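Chemist: Sequence isn't available, so here's the structure alone:
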């Protein structure tokens with residue numbers, strides 16, 4: 001089993017900053033891509049940012065220049081630094097990891113965290 005645990009959410013005023021963390025643990029041989037997604041009330045879950053095992057990144061247009069995704073491969077941990085937050089960033093933020101669980105099996109599996117609430121007040 002693989003577990004993802006997010007932390008770092010909370011309530012912040014517009015213009016403020018938060019840093020989210022996602023730690024992967026369990027039966028992990030290697031972690032491929034990792035990503036942050038968010039879901040606001042009444043809306044579909046959307047991609048925020050992704051990062052490959054080599055450090056390549058991709059961002060949603062709405063967060064470019066404000067959010068930075070990073071990871072610590074040695075600790076199977078991912079981060080999302082969120083600056084200049086806006087009320088429209090309010091959502092539950094989820095992390096996702098694509099994991100290879102065995103060295104002898106090339107198949108990978110997707111795992112999700114339980115989510116952390118981010119609320120930005122105006």
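Modeler: Everything's here; your move. Computed from a prediction, not measured in an experiment: that's the story for all the values here.
Chemist: Kindly indicate whether the residue sitting nearest the centre point of the chain is helix, strand or coil.
Modeler: When C-alpha atoms, centre = their mean is applied to the chain, the residue found nearest the centroid is residue 36 (2.7 Å). The assignment at residue 36 comes out as strand when based on DSSP: H, G, I helix; E, B strand; the rest coil.
Chemist: Could you check how far it is from residue 113?
Modeler: As judged by C-beta to C-beta, to the nearest Å, residue 36 and residue 113 stand 10 Å apart. Glycine gets a C-beta too; all of them are placed from N, C-alpha and C.
Chemist: what sits opposite residue 100 in the beta ladder?
Modeler: Going by DSSP bridges, residue 100 is paired in beta bridges with residue 30.
Chemist: ok, now residue 117?
Modeler: Assigned bridge partners for residue 117, using DSSP bridges, are residue 92.
Chemist: do the same with residue 10
Modeler: Residues in beta-bridge contact with residue 10 (DSSP bridges): residue 118.
Chemist: tell me the contacts of it?
Modeler: Listed by C-beta atoms under 8 Å, 6 or more residues apart in numbering, the contact set of residue 10 reads 18, 117, 118, 119.
Chemist: Based on its surroundings, how many neighbours for the last one?
Modeler: With neighbours defined by other C-beta atoms under 10 Å, the count for residue 119 comes to 15.
Chemist: Apart from its neighbours in sequence, what residue is nearest it?
Modeler: residue 11 (4.7 Å; C-beta to C-beta, 6 or more residues apart in numbering).
Chemist: I'd like to know how far the one you found sits from residue 65.
Modeler: 23 Å.
Chemist: now do residue 18
Modeler: 16 Å.
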